[in-house]
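K.L.:
Predicted coordinates and the sequence they were generated for:
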Amino acid sequence: SVIDAQFSGNGDNLKHVTEELVPPPMLPKFEQVDKDGPKVIDVTLTAEEKKIEVAPGDSAWVFTFNGTVPAPIIVAHQDDFIDLTLKNPATNTQQHNIDFHAATGAMGGGDLTLVNPGQEAKFRFRCTRPGVFVYHCAPGGTMVPIHVTAGMNGVIMVLPRDGLKDENGNAVTFDRAYYIVEQDFYLPKDKDGKIINIATPQQAVQAAGESIKTLMPTNIVFNGHEGALLGKNALTANVGEKVLFITSQANRDTRFHLIGGHADLYWPGGKFNNRPYTDFETWAVPGGSAAAALYKFREPGTYVFLNHNLIEAFDYGAIAQIKVAGQWDSSYMKQIEKPSPIK
Amino acid sequence: SVIDAQFSGNGDNLKHVTEELVPPPMLPKFEQVDKDGPKVIDVTLTAEEKKIEVAPGDSAWVFTFNGTVPAPIIVAHQDDFIDLTLKNPATNTQQHNIDFHAATGAMGGGDLTLVNPGQEAKFRFRCTRPGVFVYHCAPGGTMVPIHVTAGMNGVIMVLPRDGLKDENGNAVTFDRAYYIVEQDFYLPKDKDGKIINIATPQQAVQAAGESIKTLMPTNIVFNGHEGALLGKNALTANVGEKVLFITSQANRDTRFHLIGGHADLYWPGGKFNNRPYTDFETWAVPGGSAAAALYKFREPGTYVFLNHNLIEAFDYGAIAQIKVAGQWDSSYMKQIEKPSPIK
Amino acid sequence: SVIDAQFSGNGDNLKHVTEELVPPPMLPKFEQVDKDGPKVIDVTLTAEEKKIEVAPGDSAWVFTFNGTVPAPIIVAHQDDFIDLTLKNPATNTQQHNIDFHAATGAMGGGDLTLVNPGQEAKFRFRCTRPGVFVYHCAPGGTMVPIHVTAGMNGVIMVLPRDGLKDENGNAVTFDRAYYIVEQDFYLPKDKDGKIINIATPQQAVQAAGESIKTLMPTNIVFNGHEGALLGKNALTANVGEKVLFITSQANRDTRFHLIGGHADLYWPGGKFNNRPYTDFETWAVPGGSAAAALYKFREPGTYVFLNHNLIEAFDYGAIAQIKVAGQWDSSYMKQIEKPSPIK
Ligand SMILES: [Cu+2]
Ligand SMILES: [Cu+2]
Ligand SMILES: [Cu+2]
Ligand SMILES: [Cu+2]
Ligand SMILES: [Cu+2]
Ligand SMILES: [Cu+2]
Ligand SMILES: [Mg+2]
Ligand SMILES: [Mg+2]
Ligand SMILES: [Mg+2]
Ligand SMILES: [Mg+2]
Ligand SMILES: [Mg+2]
Ligand SMILES: [Mg+2]
Ligand SMILES: [Mg+2]
Ligand SMILES: [Mg+2]
Ligand SMILES: [Mg+2]
């Protein structure tokens, strides 16, 4: 059982590699099946407080790791160590830290990494469990929900050393992976219900202390802002490709759905040691967790990927597109009669 | 793996049968185990915009397929094709279409079926995956949540050709099936909080554009209106019968519970290729999905079936009854002391 | 299949034992593996209506079984019978009863136990299914959500006679168990948003009839009041111990998370006949159900256990602590660089 797993060594004798993080929805370079054995992966995250528009006219102070909402995804294999350096530039105004749901002990690293502006800290943790896991800032008390709902969260994917397995226990690989994170924002509004344009991060934090208590988001978006994955920013794929969707929500329950597609494989709780389910139409993600689903595209077209609370998708922003190229296969679907006058 | 499933043929050479749909909570005629091989099932749905009372005094414009909320359930077997004709009578005011979560490609059929009043369209899709799946109108943009929360959603059940299997992989049949769908309505209210009686569907759509943004339903009901499955409308069963409960919620998370009973079998995600769980007290249904649970009634009596957010059940309307006939079995429960003065 | 389970006898010829209930988060005395065969367990619950502070300054009338929110946990083994006596002292003002999700028939016992102040009632039910299950008061109509959200709910744990099994089907035992229940309170507020101090339980019921309809809790707490499991009330454990977390929410969806830890084992739906999942970061509990997760602590320190809607944890009260003693194990995590000036 996982309960009995024994570990030795603290990683000091392993070789190091530096992982170059990239902005979402992309993933850094990695192998699906590892050939080299456990290693130490050096990762640096830098806290950045910045002002963006999360929807047209909706200005927000976001707190980020490396400047993006969500923070970049980290990829490792089971039994690798992560050497995580967190930098909090002197230009920031807030204490930040980092809590990895994939880590064991010390508040997931939060206890070791609370840094003031101008400071950095570094710790190491072993990736003992394969799966996708949330990480986020958790600077203490009511600052925790304020920083997380300001965008300061991301995902680490810990792959089994020998890669993923399908519902029958056979190896399965993917051709692409996309990283899509839903963010709930609780932006302060004025008396007329208009989002307030706030001057400083300190004022934003102050206001958020009240606005989050509504439990009623003003914006629910994928990858940081409305339209981040729509139109010219749409994801792409080809018919016949297996795409791994890595999804998460760090705070609030959601439910992901691919219109016209399915989850061929969906791992319960986002954890790869559990046999994946097949055929899900929609997969729920409880707040504070990540999920992974694999789909092989069978038909070309523009797909919509959304939070299937359709109000949250179409009125709050939790919606993306995937443009899939290839030949139509009429063994799945075909048009028989175009829209035309009732006979 | 399901990923590797290969399909050939577009159904053109298969025999056709017409499925006569019936109003919920009933199901059309079907065999649990198929003996005849794949076929094409002809199904016709007609959009109907109508005004009903969803609770005493709470008037609503509902958008329906075939006049009921939810739309009728369709039953097929894996590898059958559905030939779906959607009619939008000239008496309607809205564009409608249909998106099947069971289908593959073209927005689940939504791209092929957008019909103006006075039009019809027809397409075919293969039922490649066994399970219960939502279907709904999705006419584009903010009209999507408006039409879905106006009642325009239903379920298709795709049975494995050889029927259902229990938690040990053995065949299991059911004696009855009921189809229960929760609907969240967001009816516009006046300044005093009273539901507004709206004259036209166009005005209802206009008002819903604002009211749905609250994410706060005014009514949460089973099968279209408060009391649809209570009292003289209660479901019925007999002790010893295995009843399949087909449940869904097209938009908002819910949780189903049978008071005094259980799910003997509950299929994860509502998809029959996954081994069913046993013994669940309550099963969650994320918005935009369907679920199936099988229970053998052991005791007679009037059961209550509800959304176990008890406020949503008792104050918003998400509650049904099942009247079960038979002999009491004291091996499960017995009264020892009737309510009487404390000793 | 569980569907085919046959039971005989109504328990009349079995020996009786009395279970002495204890306040949460503790469990009564019990064996994990039973050696003696099925028995009848005598349990007495007494309804108590009382006024408490659920948060500093937030006064509430709570309705309880045995004086605590949640009600005490009951522990049994599969095939045991529970002889449940419910007493409603004449000093109370309300009708109460009890509905066990673990029971079969008669509204889980609710139909047999509706007692006026001054009355008692007694019934017997067989524990046919292993798992953790909610029980609660359900006195009828809108009183159901009012009593449940006033705190009148608890859990029964029905263990398999031969104990728990891990993800491989091997026996697994736990060294400690804790019982943590989230309660959503909907306390009436005055015009300024301040919780009203209400004089009588009758007035509290009257006001709750309106306040619950908001579906917006004023307080979301673990074990009855803010801080019930914090600081000097924190739970305790030792490195190397396997701790069973028995969690529930009787009304509203939640999601439990152990910061810096995981669920080594988590039973789907809280039902022990289902193979447990491993490695979950967060486990969702739909309203009206219970869940069990087992974790072996690997590192010492003060852990936080919370509802991972972080707003609900830090602003509403759904948060606990666990103080774990032992030696730090650097094979899981180690500090490399303390917070210090950026280099
Ligand atoms: Cu931060
Ligand atoms: Cu967390
Ligand atoms: Cu429509
Ligand atoms: Cu849909
Ligand atoms: Cu009560
Ligand atoms: Cu209940
Ligand atoms: Mg950037
Ligand atoms: Mg660990
Ligand atoms: Mg907006
Ligand atoms: Mg009709
Ligand atoms: Mg398909
Ligand atoms: Mg009403
Ligand atoms: Mg007490
Ligand atoms: Mg039973
Ligand atoms: Mg408070």
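P.N.:
Ah, there it is. Ligands and ions are numbered 1, 2, ... in the order given.
K.L.:
where along the stretch 151-300 of chain A do the strands fall?
P.N.:
Assigned by DSSP state E, counting those that start in this stretch, the stretch 151-300 of chain A shows strands spanning A:153-159, A:164-165, A:171-172, A:176-185, A:219-222, A:235-238, A:242-249, A:254-258, A:265-266, A:282-285, A:289-296.
K.L.:
so what strands line up beside the third one?
P.N.:
To tie it back to what came earlier, the one meant is strand A:171-172. Sheet pairing for strand A:171-172, assigned by DSSP bridges, gives strand A:164-165 (antiparallel).
K.L.:
and the closest residue to ligand 14 within the stretch 101-250 of chain A, how many neighbours?
P.N.:
Closest approach between the stretch 101-250 of chain A and ligand 14, counting by CB to the ion: A:Glu167, at 29.9 Å. C-beta coordinates here come from the backbone N, C-alpha and C atoms, glycine included. Taking other CB atoms under 10 Å in any protein chain shown as the criterion, the count of residues near A:Glu167 is 20.
K.L.:
Hmm, B:Ile3 and it touching each other?
P.N.:
No - counting by CB atoms under 8 Å, A:Glu167 does not reach B:Ile3; the two are 9.1 Å apart.
K.L.:
Now the common contact residues for the two.
P.N.:
Here A:Glu167 and B:Ile3 have A:Leu265 as joint contacts, going by CB atoms under 8 Å, 6 or more residues apart in numbering or on different chains.
K.L.:
Tell me the spacing between A:Val181 and A:Pro23.
P.N.:
According to CB to CB, to the nearest Å, A:Val181 and A:Pro23 sit 12 Å apart.
K.L.:
Looking at these two, which one has more neighbours?
P.N.:
Neighbours per residue (other CB under 10 Å) separate A:Val181 from A:Pro23, with A:Val181 holding more: 29 against 15.
K.L.:
Would you enumerate the residues in contact with that one?
P.N.:
Contacts of A:Val181 (CB under 8 Å, 6+ apart): A:Pro24, A:Val69, A:Pro70, A:Asn153, A:Gly154, A:Val155, A:Phe222, A:Asn223, A:Thr247, A:Ser248, A:Gln249, A:Ala250.
K.L.:
Number of residues surrounding the fourth one?
P.N.:
A:Asn153 sits with 30 neighbouring residues when counted by other CB under 10 Å.
K.L.:
now the second one
P.N.:
Neighbours of A:Val69 under the rule other CB under 10 Å: 27.
K.L.:
With the fifth one instead?
P.N.:
By other CB under 10 Å, the residues close to A:Gly154 number 30.
K.L.:
Now find how far off-centre the lengthiest strand in chain A is within its chain.
P.N.:
For chain A, the strand that runs over the most residues, judged by DSSP state E, is strand A:40-55. Strand A:40-55 sits 13 Å away from the centroid of its parent chain (CA atoms, centre = their mean, to the nearest Å).
K.L.:
Tell me if that strand is near chain C.
P.N.:
No - judged by CB under 8 Å from any CB of the partner chain, strand A:40-55 stays clear of chain C, getting no closer than 9.4 Å.
K.L.:
hang on, the earlier thing: out of the strands of the stretch 151-300 of chain A, which comes closest to B:Val304?
P.N.:
Of all these, strand A:282-285 sits nearest to B:Val304, with 25.1 Å by CB to CB.
K.L.:
Tell me which helix or strand A:Ala313 sits in.
P.N.:
Element membership for A:Ala313, per DSSP states H and E: helix A:310-314.
K.L.:
for the very next helix or strand once past that helix, which positions count as buried?
P.N.:
Next along the chain after helix A:310-314, taking DSSP H and E as the criterion, comes strand A:319-325. Of the residues in strand A:319-325, those buried by neighbour count under the rule 16 or more other CB atoms under 10 Å in any protein chain shown are A:Ile319, A:Ala320, A:Gln321, A:Ile322, A:Val324.
K.L.:
Tell me the strands beside strand A:319-325, with direction?
P.N.:
Strand A:319-325 is paired, per DSSP bridges, with strand A:235-238 (parallel), strand A:301-307 (antiparallel).
K.L.:
avg pLDDT for it?
P.N.:
Mean pLDDT, strand A:319-325: 98.
K.L.:
near ligand 7, which residues of chain A?
P.N.:
Listed as neighbours of ligand 7 in chain A under the rule CB under 5 Å from the ion: A:Gly67, A:Thr68.
K.L.:
At the geometric centre of chain A, which residue do we find?
P.N.:
A:Val181 (3.9 Å; CA atoms, centre = their mean).
K.L.:
Residues in a beta bridge with that one, which ones?
P.N.:
Under DSSP bridges, the beta-bridge partners of A:Val181 are A:Ser248.
K.L.:
Report the contact partners of the closest residue to ligand 3 within the stretch 201-343 of chain A.
P.N.:
In the stretch 201-343 of chain A, the residue that lies nearest ligand 3 is A:Leu310 (12.1 Å; CB to the ion). Counting by CB under 8 Å, 6+ apart, A:Leu310 touches B:Val144, B:Pro145, B:Val148, B:Thr149, B:Ala250, B:Asn251, B:Gly287, B:Gly288.
K.L.:
Tell me, how many residues neighbour the last one?
P.N.:
One way to gauge burial is a neighbour count; for B:Gly288, by other CB under 10 Å, it gives 30.
K.L.:
cool, the fifth one as well?
P.N.:
Residue neighbour count, defined by other CB under 10 Å, stands at 31 for B:Ala250.
K.L.:
and if you look at the first one?
P.N.:
The local packing of B:Val144 (other CB under 10 Å) involves 27 other residues.
K.L.:
Got the phi and psi for it?
P.N.:
Backbone geometry at B:Val144, expressed as degrees, to the nearest 10, gives phi -60, psi -60.
K.L.:
quick one, what contacts it?
P.N.:
A:Leu310, A:Ala313, A:Phe314, B:Cys137, B:Ala138.
K.L.:
so where do the helices sit in the stretch 1-150 of chain A?
P.N.:
In the stretch 1-150 of chain A, helices defined by DSSP state H, counting those that start in this stretch lie at A:143-148, listed in chain order.
K.L.:
Looking at it, which residue is nearest ligand 10?
P.N.:
Relative to ligand 10, the nearest point of the stretch 1-150 of chain A is A:Ala55 (40.3 Å; CB to the ion).
K.L.:
Chain neighbours aside, what residue packs nearest to that residue?
P.N.:
Nearest non-adjacent residue to A:Ala55, counting by CB to CB, 6 or more residues apart in numbering or on different chains: A:Glu226, 4.1 Å away.
K.L.:
same deal with A:Thr200?
P.N.:
Closest residue to A:Thr200 apart from its sequence neighbours, by CB to CB, 6+ apart: A:Thr93 at 7.3 Å.
K.L.:
Please tell me how far that neighbour sits from A:Ala47.
P.N.:
Computed as CB to CB, the A:Thr93 to A:Ala47 distance reads 10 Å.
K.L.:
Model confidence score at A:Val243, please.
P.N.:
Per-residue confidence (pLDDT) for A:Val243: 98.
K.L.:
Tell me how many other residues crowd it.
P.N.:
23.
K.L.:
Could you do the one 3 residues further on as well?
P.N.:
For A:Ile246, the count of nearby residues is 22 (other CB under 10 Å).
K.L.:
Confirm for me that A:Val148 is in contact with A:Cys137.
P.N.:
Yes - with contact defined as CB under 8 Å, A:Val148 counts as touching A:Cys137 (6.6 Å).
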